[in-house]
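Peer 1: please work out how this folds:
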Amino acid sequence: MLVNQSKLLNTPVLSVQDSGRIATISSAIVDPDTLKIIAFRVYGAVNDEGGNVLDTKSIREYSNFGMVIDSRDELVSDSDIVKIQKAIELNFNPIGLKVETKKGSKLGKVLDYAVTNDNFTIQQLIVKRPTIKSFLDPELIIPRSEIVEITDYKIIVRDEEKVIKERALKEDFVPNFVNPFRKTEQPSPAPSHIENPADIDKQ
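Peer 2: Got it, this is the predicted structure:
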């Protein structure tokens, strides 16, 4: 099942050990290499160690009641997990990024995104249309499989908007795609963008 990122905000974090709410989700931490929420920041945390980050791997279940974890000890600080610390330093956030096609057609800006409710992988981009186009079509849903490049400022998608709309209606969004955000094995800094995701799959 897919759930919008905006719906996850203010979700209660429930502890089995404490039999109740111990924190509340405040924001998502996204790894740009996998385009996946790897952790959530929380507020109001009941934690003796002062941790305010929840690794998504610690979430046992997500439902309408909240996110269930074993205990308050699952809440960590920024520096406790290297991968989370690196993602925080990159400060990547899809919200607000411009979206364009490979031909340069401007589709709008990312308003929200939808993730799977089991591993929190981003599967859809919800794009707010430019003012001129928003009267007839205020939002555009783009499946993850259409993403071919991403930079600090924009996301490039493969097809023109008409084709994207048709595919978004037909696809069931099972994650069967070439990942344009996968890191290479070369000891070089993570690239700011990837031109040809098909080549990565051959490595």
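Peer 1: relative to Ile147, how far out is the nearest residue to Gly96 once chain neighbours are set aside?
Peer 2: In space, Gly96 comes closest to Lys109 once its chain neighbours are excluded; the distance is 5.8 Å by CB to CB, 6 or more residues apart in numbering. For glycine as for every other residue, the C-beta is placed from the backbone atoms N, C-alpha and C. Distance, Lys109 to Ile147, by CB to CB, to the nearest Å: 15 Å.
Peer 1: and the two? which has more neighbours close in?
Peer 2: A side-by-side neighbour count of Lys109 and Ile147, using other CB atoms under 10 Å, places Ile147 first with 23 against 18.
Peer 1: check what pLDDT Asp152 gets.
Peer 2: Per-residue pLDDT puts Asp152 at 83.
Peer 1: which SS state does it fall under?
Peer 2: When classified by DSSP: H, G, I helix; E, B strand; the rest coil, Asp152 comes out as coil.
Peer 1: repeat for Val163
Peer 2: State at Val163, reduced to three classes by three-state DSSP: helix.
Peer 1: separation between it and Asn91?
Peer 2: Counting by CB to CB, the separation of Val163 from Asn91 is 32 Å.
Peer 1: could you look up the SS state of the closest residue to Val76 other than its chain neighbours?
Peer 2: Nearest residue to Val76, sequence neighbours excluded (CB to CB, 6+ apart): Gly51, at 4.5 Å. Judged by three-state DSSP, the three-state class of Gly51 is coil.
Peer 1: also Arg167?
Peer 2: Under three-state DSSP, Arg167 comes out as helix.
Peer 1: so it touches Glu160, yeah?
Peer 2: No: in this structure, Arg167 is not within contact of Glu160 by CB atoms under 8 Å, at 11.0 Å.
Peer 1: name every strand pairing with the helix or strand hosting Leu140 and say which way it goes.
Peer 2: Taking DSSP states H and E as the definition, one finds Leu140 inside strand 139-143. Strand pairing for strand 139-143, using DSSP bridges, gives strand 122-128 (antiparallel).
Peer 1: return the distance of the partner strand from the chain's centre.
Peer 2: 9 Å (CA atoms, centre = their mean, to the nearest Å).
Peer 1: so what's the closest residue to Ile81 other than its chain neighbours up against?
Peer 2: Spatial nearest neighbour of Ile81, excluding adjacent residues (CB to CB, 6+ apart): Asp55 at 6.1 Å. Residues near Asp55 by CB atoms under 8 Å, 6 or more residues apart in numbering: Ile38, Ala39, Glu74, Val76, Ile81, Ile84.
Peer 1: of all the residues you listed, which two lie farthest apart?
Peer 2: Ile38 and Glu74 (14.0 Å; CB to CB).
Peer 1: this structure: helices as residue ranges?
Peer 2: 5-8, 82-90, 131-134, 161-170, 197-200 (DSSP state H).
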